[in-house]
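# Pasting the sequence and the predicted coordinates here, then a few questions.
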Amino acid sequence: MTWQIASIGDHVEKVSTWNPTQSLTSGTFRYIDLSSVDKDQKVISIENILEINGIDAPSRAKQIVQVDDVLVSTVRPNLNGVAIVPNELDGATASTGYCVLRPNEKSLYSRYLYHWVKTNSFVSDMVKKATGANYPAVSDKIIKESEIPLPPLPEQKRIAAILDKADSLRRKNQQAIQLADKFLRAVFLDMFGDLSSSSGNKVKLGDVVVLDAPMVDPREDKYLDMLHFGPDRIKKETGLLLPALTAREENLISKKFLFDNRYVLYSKIRPYLKKCAMAETTALCSADMYPIRPVDGLVTKEFLWRLLLSDIFTRYTETLPGRANIPKLNRDELSAFEFSLPYFSEQKKFSKLVKKLLTTSNLVNESSCNSGQIFNILSQKSFSGKL
């Protein structure tokens with residue numbers, strides 16, 4: 001079977017655009033913004049589609065999309081803002097922050113292209129070519145000039161069908177994890193209410209937790225084979241720990257915190273990302289994290305975990321003085337957070353529920369990691385002609 005390496009631009013068609021001088025004074029138009037794409041699921045979130053007045057369309061949305069067009073974000077390509085246009089958005093308009101790729105049906109299958117622009121190979125290539133200090137971006141021209149491995153059309157469809165099935169499994173697992181997180185948030189709010197507005201039993205976080213994890217040298221023999229968790233090893237908002245490498249594998253040289261399963265790990269960098277996880281074993285963590293230990297009899301680990309992931313705590317971090325470059329929460333600010341402390345007996349009830357849910361959730365998360373790894377392996381083999 002003959003494969004060729006081709007430029008994407010040689011196999012896509014021209015996309016219609018609005019005439020900037022056109023005046024549209026009636027009706028509304030559906031507008032696909034950069035925020036309309038779920039960056040994890042790689043699909044367009046219909047609920048995030050904007051309805052804009054026709055008169056605004058020429059200035060806000062210049063590309064008219066159709067079914068099976070592939071959208072690739074040109075801004076911050078490392079975020080992998082990629083999606084394919086579904087039936088219900090045929091004729092919608094898209095932000096110029098997207099490069100709209102409309103495959104020539106005779107030579108390029110849309111879902112094959114969609115899977116290709118999600119690969120690490122394509123994304124890393126775009127990241128290297130992006131320019132701009134604050135908002136790195138690539139041009140449509142760069143995307144269209146990039147190369148794609150191109151087998152005959154029937155083989156493209158076969159590969160896309162396999163990757164669709166693998167991707168569907170990965171997506172369902174991710175959705176299950178998100179649902180579990182939404183459930184926990186709802187239960188936390190139902191049991192404890194708005195802890196920032198309640199008047200009873202006001203405490204500061206520093207009164208009920210301690211930050212006593214020691215710093216150690218990861219080059220010492222007793223730490224070399226311990227796992228190391230940085231902020232990137234915590235899934236934002238859900239608080240799940242991702243697979244990590246050992247100090248030896250990462251070749252660590254600077255001091256790290258040593259923690260055990262009594263602690264909650266909180267990333268002090270960019271608090272709005274809500275990166276907080278419960279420790280499961282003895283391991284090391286980055287100095288960009290706070291290992292926080294709840295005081296026994298005052299706060300349960302599970303309650304502390306959800307408190308730090310709550311909107312209440314995030315709103316507090318947003319009131320603090322901003323940092324010039326990267327938002328960061330210092331120890332004093334962390335300890336100063338004030339809230340109404342629920343009875344310990346109520347916290348224990350919540351903890352019991354969390355433990356039951358996490359038993360199932362961890363299995364789903366393990367399945368999600370496995371399905372993600374399988375998808376990545378299939379993707380690598382697919383585009384190298386080994387599938």
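Nice, I can see it.

# give me phi/psi at residue 125?
phi -70, psi -40 (degrees, to the nearest 10).

# Grab the nearest non-local neighbour of it.
Leaving out its chain neighbours, the residue that sits closest to residue 125 by C-beta to C-beta, 6 or more residues apart in numbering is residue 146, at 6.1 Å. For the C-beta atoms, the positions are set from N, CA and C on the backbone; glycine is no exception.

# ok now do the one you found, which residues does it touch?
Counting by C-beta atoms under 8 Å, 6 or more residues apart in numbering, residue 146 makes contact with 7, 8, 122, 125, 126.

# The same query, at a cut-off of 7 Å, please.
With contact set as C-beta atoms under 7 Å, 6 or more residues apart in numbering, residue 146 has these partners: 8, 122, 125.

# how many other residues sit next to the last one?
This means residue 125. 17 (other C-beta atoms under 10 Å).

# Check the second one too.
Counted with other C-beta under 10 Å, residues neighbouring residue 122 total 22.

# Isn't residue 260 up against residue 280?
No - applying C-beta atoms under 7 Å, one finds residue 260 not in contact with residue 280, separated by 9.5 Å.

# Go through the contacts of residue 146 and say which is closest to residue 305.
residue 122 (36.3 Å; C-beta to C-beta).

# Run a quick check on the closest one versus residue 115, I expect a contact.
No - using C-beta under 7 Å, residue 122 makes no contact with residue 115, being 9.8 Å away.

# so where's the stretch 51-200 of the chain shaky on pLDDT?
54-61, 77-80, 133-134, 198-199 (pLDDT under 70).

# Show me the shaky parts of the stretch 251-387 of the chain.
Counting by pLDDT under 70, the ranges of the stretch 251-387 of the chain that qualify are 322-326, 359-378, 380-381, 384-387.

# Let's see that with 50 instead.
363-364, 366-369, 371 (pLDDT under 50).

# Which secondary structure elements does the host helix or strand of residue 6 sit against?
Element membership for residue 6 (DSSP states H and E) is strand 4-7. Contact analysis of strand 4-7 by 3 or more C-beta pairs under 7 Å, 6 or more residues apart in numbering; DSSP states H and E lists strand 147-150 as its packing neighbours.

# who's in contact with the one helix or strand residue 302 maps to?
Assigned by DSSP H and E, residue 302 belongs to helix 301-309. For helix 301-309, contacts defined as C-beta under 7 Å, 6+ apart pick out 184, 188, 209, 239, 264, 266, 274, 276, 278, 292, 294, 313, 347, 350-351, 354.

# quick one: which of the residues you listed is nearest residue 16?
residue 274 (40.2 Å).

# Quick check: closest non-adjacent residue to that closest one.
Nearest to residue 274 is residue 237, by C-beta to C-beta, 6+ apart, at 4.7 Å.

# what is the mean pLDDT for the strand holding residue 6?
Strand 4-7 carries an average pLDDT of 92.

# Next secondary structure after that strand?
Using DSSP H and E, the first helix or strand after strand 4-7 is strand 12-13.
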